[in-house]
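Visitor: Just need the structure, nothing else, for what follows:
(5 chains, ligands or ions: 4)
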Amino acid sequence: MTTELSAPPTSKPLRSIKQPRLPKQAPLIAVAVAVAAGALLGLSLGWGLAPIVVLAGLLYVIGLTVWSRIVETPRAATDRLITSLVWVSLIIALIPLVSLLTTVITKGAPAITGTFLSTSMRGVISGPGGINHAIIGTLLITLGATVMAVPIGLLTAVYLVEYGQGSRLAGAIRFLIDVMTGIPSIVAGLFAYALFSLILGPGTFFGFGGSVALTILMIPIVVRSSEEMLKLVPSDLREASYALGVPKWRTILKVVVPTAMAGIITGITLAIARVIGETAPLVIAAGVTDSINTNLFSGQMTSLPVFVYNSYSNPGSEVDVAVQMAWGAALVLIVIVMGLNILARVLGKILSPKTGH
Amino acid sequence: MSTTTTKSGSPKRRLGDLVFANLTRGAGLIILVALAGVAVFLTLEGAPAFSAGPNDLGGKSNLLAYVAPLVFGTLLAAVIALLIAVPLALGVALSISHYAPKRIASVIGYLVDLLAAVPSVVYGLWGIGFLGPKMVPIYEWLAEHLSWIPFFAGPASNTGRTIFTASIVLALMVLPIVTAITREIFAQTPRLNEEAALALGATRWEMIRMAVLPYGRSGIVSAAMLGLGRALGETMAVALVLSASGVVTFNLISSTNPSTIAANIALTFAESNGLARNALIASGLVLFVITFVVNFSARAIVARYEPGSKK
Amino acid sequence: MAKSIDVSDLNIYYSDFLAVEGVNMTIKARSVTALIGPSGCGKSTFLRTLNRMHEVIPGARVEGKVMVGGQSLYDSDVDPVEVRRMVGMVFQRPNPFPTMSIYENVLAGVRLNSKRISKSDADALVEKSLQGANLWNEVKERLNKPGMGLSGGQQQRLCIARAIAVEPEILLMDEPCSALDPISTSAVEDLIHELKEQYTIVIVTHNMQQAARVSEDTAFFNLAATGKPGKLIEMNPTKKIFSVPDEEATEAYISGRFG
Amino acid sequence: MAKSIDVSDLNIYYSDFLAVEGVNMTIKARSVTALIGPSGCGKSTFLRTLNRMHEVIPGARVEGKVMVGGQSLYDSDVDPVEVRRMVGMVFQRPNPFPTMSIYENVLAGVRLNSKRISKSDADALVEKSLQGANLWNEVKERLNKPGMGLSGGQQQRLCIARAIAVEPEILLMDEPCSALDPISTSAVEDLIHELKEQYTIVIVTHNMQQAARVSEDTAFFNLAATGKPGKLIEMNPTKKIFSVPDEEATEAYISGRFG
Amino acid sequence: GSEDTTTLNGAGSSAQDSAMKAWRAGYQKSNDTVTVNYNPAGSGAGVEQFIGNSVDFAASDSALDADKGEIDKAKERCGGVNALEVPSYVSPIAVVFSLDGVTDLNLSASTIAKIFDLKITKWNDPAIAADNAGVTLPDLAITPVHRSDESGTTKNFTDYLSKVAPKDWTYKADKVWPTTEGEAAKGTSGVIAAIKSGSIGYADESQAGDLSQAKIKVGDAFVAPSAEGAAIALEASPVDDTRAEGDLAIKVDRETTVANAYPLFLVSYVIACPTYDSAKADLIKGFLSYVVSADGQTAAAGTAGSAPLPASLQTKAASIINTIAAK
Ligand SMILES: Nc1ncnc2c1ncn2[C@@H]1O[C@H](COP(=O)(O)OP(=O)(O)OP(=O)(O)O)[C@@H](O)[C@H]1O
Ligand SMILES: Nc1ncnc2c1ncn2[C@@H]1O[C@H](COP(=O)(O)OP(=O)(O)OP(=O)(O)O)[C@@H](O)[C@H]1O
Ligand SMILES: [Mg+2]
Ligand SMILES: [Mg+2]
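Guide: Ligands and ions are numbered 1, 2, ... in the order given. I've put the predicted structure just below:
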């Protein structure tokens, strides 16, 4: 049955493992050449920086691929092409980020002063005011949303991973969670507003209404990310705990969730970051005020994005001041989110499994 | 010691377990109830719009004629956004999971997560103030040289506030979500399969094509679906960036653009009342149904192409 | 305290798949019983029915009787959680809880069950258990360091310490040394020798030399073919199994003709 | 065609950790060489340096020389991708590509180089490789079914078919049977017997009976303690190793005094 | 909740937002414990919320609409009595443009209509040149910019065009921009931001910033947008006498030819009930009285660039607000 095989395949030519290869620094050389050529060509045609960069990028990708194609094998060339594309896509993704951040920082930083952070807009007609009320509003409303979305989301994720495997309900929940990500934020706001108008009577604008709207937007992200993280906990650990005579629920609470905590926290931060910048639902559900309101359950509340939006769209007579305040508030918002992010990472580090190495 | 013997008569299912299991199920049910609440709310508030006339529908004769162009714009913007965002996100995710050294990878991951933190208003302002003007020369070039392609029929917008610019902004907003999920999935590709490919003499890209992408296929689709949800539902950024006229056109670079459902709600909700308001909510319901259908079909497609590999 | 185990007519299923069929076996108290056999013959599956860990897998179930010290494990009014406290288990791969320190790992069984235990009692228990697992001297200086920081062999002994801290009467071990280097292996084997003074020990091993070294009795499982159920072929004192086994299949397996 | 392998003064590192130290070894062409030794002694690590799979792990590197048929594997102008085509590898756990059919799995490696392979050539190659792996008769009816649907032993033979389809000159196997039942194991062992007519085979095994059954030469690795580097203790014809080894440590290991 | 006695909630016109800032600040200064919130959610939303009893007062860029049943619904909300409605804010709407080298431009209503309807597409069109002797107009495409959101500004602008140049502007006055051509932008600030060289748009005069403002043809003269001009035009406009008592809706006369009048302006109203719960009644009466007072109007003029109400209207408005009483 192995007749073909048993014929000694001596006719096969001796295969060489040595292949002509590009020098190790080939990508760097290609970058340098591409930038130089792009700059030369671009400058001679009187182009701006952006087209030159694009040209250099193209030259790099094409040049390196062609070079590799000539010297190395076609497969190596493809590999280089993809590698270049991966790096280029990374750079393309980072350009807008950098641009966004520099825009916000250069336009927003001049607005940031002690009074800007510590006072409200109460009594301020045009002229520079403060965003203390909006900071408080953002923090309280987001806190409210987090306090609701995290337990519900986390428990649901636990259900999906630990209890619901294969059950129809779990399948339905998983599917509907995906659908939930498609709820337009403004619809969430309308829903929250309608809900509380129904329960508490018309005209119920309060921070908590905003929190409920944001909760609806947060939940799918919390569930999805926590579910993935819980799935990553090795079943070894669950079994180790069961074998010690620990009931399932305690195993989940004391072993599974803590082990996944770092990832769960990352997911929660992502969810917070996603909703903390929402405008439309908060205008509808939480209202707007110029004054400081520290009660989530009564009275209208302004959040930073709403403040940004209103200052930009209704700047009053001193447009420059208002617009600068808008950028300043946006900067504060981003700093808050970054702070949360770092806090989460630190928390994650503290809580995450310790390898000890 | 003898106290640890099995107590006869103790309940088979422990109380703690019973309570906790039901608690988690309850949380899941709360989500279902909330979603049902949203659906019921949209239906009840949207239903009256079926009797709305041209006065409340911006001159359109009936609800269908009112919503159809918006659906078109919504899908157009979301599709373009995904076409831009998904390949980019895959590239970024791969660079994090398979290309960059670990230290750099975590920095990149952090930076991309930051993109998720930028408020949508700021995206909108950036789109108007920075991206739009930068796109103008490109649009002019396209209108001049490629106007025979319907997408670039022109005339080019002089502010760059086109559906294409709006889609780029959407793509950026979608990028972090898709990246975050796909990079997790890529990182989990069984080492076994990657090594199998490498041991057969695959280059890095061939290894990714043979082992990583097929393994992550369903995850990529889920990630794209989450991103699509965001793209479909994004309100403020689109409302700010887009020069929306509510037409139906594939022309991507002129100042006359289709509007999207979510942006249209944001643009007209404030000044609407009565039936016009019901019509807007009905359009929200349509958006809800669209996400539902898209998700459903995406899952069906994934299931069909998955040869029983997903445990 | 250590108890004997009586298994009669045990069939073990994964959903509809009969993995192990018709096991009848008596395991003596305060002795070491080794389970050997080729891969996939159901050694792990069988072991896990002895502390009702089998049913943790969705769809898994058993038919038949397992009696521990006269009590039937699978009676309807028996709480599996209680069973598992009485019958401890150590796994193939050491699995200390990654979020806990060495100290907390040892106390995990007690603490996770929210028994209130005074600091001094806890200290005493930790020391006793770690000494019982031959680990005390190596870790007493760094009890608050994470358990994951130990070497594989130390981790495995930490898991044994964790298992004996809840004072079980029986200890099940599923290839406890297969991921360990030879020095750690012999440390664990020495430990098993000491533990059998107090516990009934059942150990699964792929390593026949190990079975010969540590056990009084040996049970040989085999299966006719993949997809067929595993069966207990022979159970006898280890000495006999390794010199003059009753069955030909045992002889073939031990002499290395397959497996 | 099969080639011999010469290893001289090989040190293998994971970042700063020296995992294997100073290996000198000659592996004969068209024969089976077994690597044995306790867990963690570096058998897998060493094996993976023979086809440059070691460097796939971030931070991993080697010092020293590996010559295959007179070509040095670690020269700077050597393409690791070509090395891996010449030196095939089979892993401990069968790893067919989950999204591919049996047919595609076999062709996976071939497709990489010759994209335009005619249907009839492809069919012939699939049949030849599957027959070479003793799997043809079992799967010829369902070549388009997913490879994951096979039993463990069949999957492992599928992986062998996949490896030999690219016509390597050397075949490395890392505990290819440790996850298989005895029947599948003996199928794979038979296969190894046939393959050595054409290939140079290096096999890592935990199972000394297996080493004795399949190999001409055996290399014994050991390590002084966890954290110390593994070393090649002795390499000799298998017969000699299992009867009168040169080293005491080998004797101790083989007679089951540890490991 | 609206039962709070130290908080007044209002919502509505975003055009009035700047003025409201001034009024709230001014009122809160003398009434330290009071908080007045104003949500510039839009006139429609404001009226809707007022009718739905969600806010205490509304501000709207157009008077309550009988056809849409707003008057009846407002009556219902106010316990069966007609709601009060007084003008509070008058703002000229400027036709703004950006054209290199050109800062002064005269445009007739019919030319504006043709430009926004894309009948005139180049700056050097004879129709424009005819009104601008001595100005060199470039051969450049015109990009008209309009609001993408619904707004009172659009309604007043289209109202002006349809009344003054009915032949060239065949659409009716509406909050929604009636055509799909041209550039669309959200909000006044969006329109301002979207005006690049060659563009033309319309926006509140106070928000025009650095953009050039066209003079529009009134009678035979060309008038630049100004608060005074708007006030003159407003004074020339009659009150709608079909309305109930307490409803001071204005029928704006776009075609006025009174000297220096600038008829392209927006008039915006505040809407409230005649009766409230006892504590609230005084609050709202106090606040709205301040709004229409000379002080309030000057404050708004300072911050929002609006035109103070003419004295006659101011007195009428004040007397209507004075009727607000506790239930
Ligand atoms: N979770 C499971 N679901 C379904 N079948 C399983 C499961 N675990 C094990 N089996 C099957 O049960 C049989 C016995 O497996 P088991 O793991 O008990 O063997 P073993 O003797 O412990 O093997 P090894 O020596 O490899 O550990 C095998 O056929 C296996 O495929
Ligand atoms: N990816 C890795 N990174 C760092 N160290 C590693 C890695 N893989 C293995 N090692 C270390 O290298 C040494 C040799 O491991 P290796 O896996 O080669 O042993 P082995 O002889 O194959 O053992 P086994 O029989 O258990 O497979 C061990 O100390 C191990 O901890
Ligand atoms: Mg087992
Ligand atoms: Mg190994």
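Visitor: In chain A, where is pLDDT below threshold?
Guide: Residues of chain A that meet the criterion pLDDT under 70 lie in A:1-15, A:126, A:202-203, A:352-357.
Visitor: okay, now C:Asp121: neighbour count?
Guide: Neighbourhood size, C:Asp121 [other C-beta atoms under 10 Å in any protein chain shown]: 12. Any C-beta I mention is one placed from the backbone N, CA and C, and that applies to glycine too.
Visitor: Am I right that it sits in a helix?
Guide: Yes. Per DSSP: H, G, I helix; E, B strand; the rest coil, C:Asp121 lies within a helix segment.
Visitor: how close does it sit to chain D?
Guide: Relative to chain D, C:Asp121 is positioned 33 Å away (C-beta to the nearest C-beta, to the nearest Å).
Visitor: got the phi/psi numbers for A:Gly182?
Guide: Geometry field for A:Gly182 lists phi and psi as phi -90, psi 0, criterion degrees, to the nearest 10.
Visitor: E:Gln297 is in contact with E:Gln314, correct?
Guide: Yes. The pair E:Gln314 and E:Gln297 qualifies as a contact (C-beta atoms under 8 Å) at a distance of 6.9 Å.
Visitor: Give me the common contacts of those two.
Guide: Common neighbours of E:Gln314 and E:Gln297, using C-beta atoms under 8 Å, 6 or more residues apart in numbering or on different chains, are E:Pro308.
Visitor: Who has more neighbours out of those two?
Guide: Taking neighbours as other C-beta under 10 Å, E:Gln314 and E:Gln297 compare with E:Gln297 leading, 27 against 18.
Visitor: what's near enough to touch that one?
Guide: Contact partners of E:Gln297, counting by C-beta under 8 Å, 6+ apart, are E:Ser306, E:Pro308, E:Leu309, E:Gln314.
Visitor: Can you tell me how far the residue in the stretch 201-350 of chain A that ligand 2 sits nearest to is from D:Glu189?
Guide: Using C-beta to the nearest ligand atom, the single residue of the stretch 201-350 of chain A nearest to ligand 2 is A:Asp236, 17.0 Å away. A:Asp236 is 31 Å from D:Glu189, where distance means C-beta to C-beta, to the nearest Å.
Visitor: the more surrounded of these two?
Guide: Shown here are A:Asp236 and D:Glu189; by other C-beta under 10 Å, D:Glu189 has more neighbours (16 against 13).
Visitor: Now name the helix or strand holding that one.
Guide: Using DSSP states H and E, D:Glu189 sits within helix D:182-195.
Visitor: That helix and chain A in contact?
Guide: Yes. Applying C-beta under 8 Å from any C-beta of the partner chain, one finds helix D:182-195 touching chain A at D:Glu194.
Visitor: where along chain E do the helices fall?
Guide: Using DSSP state H, the helices of chain E run over E:17-30, E:43-51, E:70-77, E:109-116, E:126-131, E:152-164, E:187-194, E:227-235, E:278-292, E:294-304, E:311-321.
Visitor: May I have the last one as PDB, with CA atoms only?
Guide: In this case it means helix E:311-321. In PDB, the C-alpha atoms belonging to helix E:311-321 read as follows (Å, rounded to 0.1, in the frame of the first residue of the first chain):
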ATOM      1  CA  ALA E 311     -41.600 100.500  24.800                       C
ATOM      2  CA  SER E 312     -45.300  99.900  23.800                       C
ATOM      3  CA  LEU E 313     -44.900  96.200  23.600                       C
ATOM      4  CA  GLN E 314     -42.900  96.100  26.800                       C
ATOM      5  CA  THR E 315     -45.700  97.700  28.700                       C
ATOM      6  CA  LYS E 316     -48.300  95.400  27.200                       C
ATOM      7  CA  ALA E 317     -46.200  92.400  28.000                       C
ATOM      8  CA  ALA E 318     -45.500  93.500  31.600                       C
ATOM      9  CA  SER E 319     -49.200  94.000  32.300                       C
ATOM     10  CA  ILE E 320     -50.000  90.500  31.000                       C
ATOM     11  CA  ILE E 321     -47.400  89.000  33.200                       C
END
